[in-house]
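*Asks:* Sequence first, predicted coordinates after that:
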Amino acid sequence: MVETDTLFPILGQGLAGIARLAAEGEQAGEGHLVEFRTMPARSVLNRVDSKRVQWMTWSINPYRGCEFGCRYCYARYTHEFMDKPDPELFEREIYIKQNAEWLLRQELKQVRPDEYIALGTATDPYQPIERKAQVTRSLLEVFAEQEGLRLGIVTKSTLVERDIDLLTRIAGRNRLSVALTITTPDAELARLLEPRAPRPDLRFRTVERLRAAGLKTGILCSPLMPGITDTPRALEAMARRGKKAGASFFASQPLFLKPCSKPVFMRFIREHFPELEKVYVSRYGEKAFVSKAYQERVSALVRAVVRKHGLEQRFGDEALPEKKPVWPVQAELWPEAAKLARTA
C-alpha cells in the first residue's frame with residue numbers, strides 16, 4: 001500500500017495554478033504503487049505551441065500522469081507543473097480530470113475545421129484507470145456530436161476497442177485517425193521498456209480489429225532507440241507485422257531525452273544494456289535530440305520500409321518533402337553501437 005502522506009503531503013498556501021488544483025483534488029483509489037486523485041480541471045483543450053509538431057493545433061490529455069511507466073517517456077515533466085519534480089511520480093500519482101466532457105463542449109467552439117486535435121500527447125487516454133473513470137469515453141461522446149473536425153488518437157492500450165461504437169460514429173462525420181504505439185514486437189523487450197502496457201501482439205490485434213471496423217488505424221514505431229530498436233532488420237520486421245495487421249500507415253521517430261526522462265531511461269540502459277551506456281552519454285550528453293544526420297538517415301530508412309510494404313505515412317505528415325530513399329546500414333546510423341556490438 002502506498003503511503004498517502006508521502007505521495008500527497010499537505011501543501012502550503014503559496015501554490016497556484018495547476019499545483020493548487022492538484023492539491024485540491026480528492027483521493028480516488030489506489031493500485032500497486034499507484035494512487036489516483038481527482039483534479040478539478042479548468043480546461044481540457046490545450047493550444048499547441050511547438051516547432052516540432054506544427055501540424056497539431058490542439059491537444060487533449062484526460063489524465064495527468066500515466067500508469068504504463070514507459071522508461072523513455074518524455075512527458076514526465078508535466079508533473080513538475082504541480083511542484084512534483086521527481087520523475088518517478090509521473091507513473092505513481094495519476095490525476096483524473098473532472099468535468100472534462102462539459103469543458104470540451106464549451107471549448108470546441110474556438111476550434112476551426114482545419115485545425116488538428118490530438119488526444120493523448122502527454123498521457124495515454126486508455127491507461128487502466130480509464131476502465132473505471134471513463135474520462136476518454138466521455139470526450140468521445142462529445143466528438144460524436146460534432147462534424148468536420150480533424151481528430152487523432154494515440155495509445156498503447158487495447159482498451160480503445162471498447163469505444164469502436166463511438167469511433168465509427170466520429171469517423172462518419174469527421175476526419176479521424178487512430179495510432180497504436182508499438183515500440184517493438186519483442187514481448188520481453190517491451191515488458192522492460194513499458195512495464196505495464198499491453199503486450200505487442202495484443203496491440204497488433206487491436207490494429208486489426210479497428211481496421212476491420214473501417215477505422216483509419218496505423219502504427220507508431222516510436223521511439224527508435226539507437227543500438228536497440230533502430231536497425232534495418234527491426235524496422236523491417238515491424239513494417240511486415242504492420243502490413244499483416246492491415247495498418248493504414250506506419251511512422252517512427254528517434255528517441256529524444258528531456259531532462260525529466262533522462263535519469264529514468266539511463267538507469268534502464270545501465271541495467272539492461274550496459275554496453276551502450278557510454279554511447280548514449282556521448283550522443284545525448286546535454287542534448288535532448290540526436291544529430292540531424294542520424295535523424296535524416298532514420299527517416300530514409302522508415303520511408304523505405306513504408307514503400308516496400310505498401311504502407312502510408314501518418315496523417316498530418318503528408319506535407320513533409322519527399323526525399324530519395326536510402327538504405328543505411330546500422331554502422332552508418334550508430335557507429336559506436338555497432339562497434340560495441342561486434343566487440344561483445
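*Replies:* Okay, I see it. Numbering: from 1, shown residues only.
*Asks:* Please enumerate the strands of the stretch 201-344 of the chain.
*Replies:* In the stretch 201-344 of the chain, the segments counted as strands under DSSP state E, counting those that start in this stretch are 217-220, 250-251.
*Asks:* any chance of the ones you listed in TSV, with mean pLDDT, distance to residue 140 and mean neighbour count too?
*Replies:* (C-beta placed from N, C-alpha, C; glycine too.) Formatted as TSV, those follow (pLDDT from 0 to 100; distance: least, C-beta to C-beta, whole Å; neighbours: other C-beta atoms under 10 Å):
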stretch	mean pLDDT	distance to residue 140	mean neighbour count
strand 217-220	97	15	24
strand 250-251	95	23	22
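*Asks:* Residue 160: which of the ones you listed is closest?
*Replies:* For the strands of the stretch 201-344 of the chain, the distance to residue 160 is smallest for strand 217-220, at 9.0 Å, taking C-beta to C-beta.
*Asks:* Send over that closest one as CSV, restricted to the C-alpha atoms.
*Replies:* Only the C-alpha atoms of strand 217-220 are listed here, as CSV (Å, rounded to 0.1, in the frame of the first residue of the first chain):
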residue,chain,number,x,y,z
THR,A,217,-5.6,3.0,-37.8
GLY,A,218,-1.8,2.9,-38.0
ILE,A,219,1.3,2.1,-36.1
LEU,A,220,3.8,4.4,-34.4
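*Asks:* got the contact list for residue 72?
*Replies:* Contact analysis of residue 72 by C-beta atoms under 8 Å, 6 or more residues apart in numbering lists 193, 223, 225, 255, 257, 261, 265, 268.
*Asks:* The first one: what's it in contact with?
*Replies:* Spelled out, that is residue 193. Residues near residue 193 by C-beta under 8 Å, 6+ apart: 70-72, 183-184, 268.
*Asks:* pLDDT at the nearest residue to residue 206 once chain neighbours are set aside, what is it?
*Replies:* Distances taken as C-beta to C-beta, 6 or more residues apart in numbering put residue 158 closest to residue 206, at 4.6 Å, once the chain neighbours are dropped. pLDDT recorded at residue 158 is 98.
*Asks:* what's around residue 158, how many residues?
*Replies:* The burial count assigned to residue 158 is 18, neighbours taken as other C-beta atoms under 10 Å.
*Asks:* what about it, distance to residue 223?
*Replies:* Noted for residue 158: a distance of 21 Å to residue 223, by C-beta to C-beta, to the nearest Å.
*Asks:* What average pLDDT does the longest helix belonging to the chain get?
*Replies:* Using DSSP state H, we find that the single longest helix of the chain is helix 292-308. Throughout helix 292-308, pLDDT has a mean value of 92.
*Asks:* Could you pull out the buried residues of it?
*Replies:* For helix 292-308, burial by neighbour count (16 or more other C-beta atoms under 10 Å) applies to 294, 297-306.
*Asks:* Would you agree the residue nearest to residue 206 is in contact with residue 200?
*Replies:* No - the criterion here is C-beta atoms under 8 Å, and residue 158 misses it with residue 200 at 10.9 Å.
*Asks:* Can you pull the poorly scored residue ranges out of this structure?
*Replies:* 1-30, 32, 50-54, 313-344 (pLDDT under 70).
*Asks:* and which of the contacts of residue 72 is nearest residue 43?
*Replies:* Using C-beta to C-beta, the contacts of residue 72 come closest to residue 43 at residue 261, 25.1 Å.
*Asks:* Kindly state the neighbouring-residue count (a burial measure) for that closest one.
*Replies:* Neighbour tally, residue 261, other C-beta under 10 Å: 22.
*Asks:* wait, isn't it in contact with residue 79?
*Replies:* No - here residue 261 lies out of contact with residue 79, judged by C-beta under 8 Å, at a distance of 11.7 Å.
*Asks:* shared neighbours of those two, which are they?
*Replies:* With C-beta under 8 Å, 6+ apart, residue 261 and residue 79 have common neighbours residue 87.
*Asks:* related to what we said a few turns ago, how far away is the residue nearest to residue 206 from residue 164?
*Replies:* For residue 158, the distance to residue 164 - C-beta to C-beta - is 12 Å.
*Asks:* if I look at the residue nearest to residue 206, how far off is residue 142?
*Replies:* In terms of C-beta to C-beta, residue 158 sits 23 Å off from residue 142.
*Asks:* Helix or strand: which one has the closest residue to residue 75 other than its chain neighbours?
*Replies:* Nearest residue to residue 75 in three dimensions, chain neighbours excluded: residue 122, at 3.9 Å (C-beta to C-beta, 6+ apart). Residue 122 belongs to no helix or strand when elements are defined using DSSP states H and E.
*Asks:* For residue 122, give me its contacts.
*Replies:* Applying C-beta under 8 Å, 6+ apart, the residues near residue 122 are 59, 61, 75, 78.
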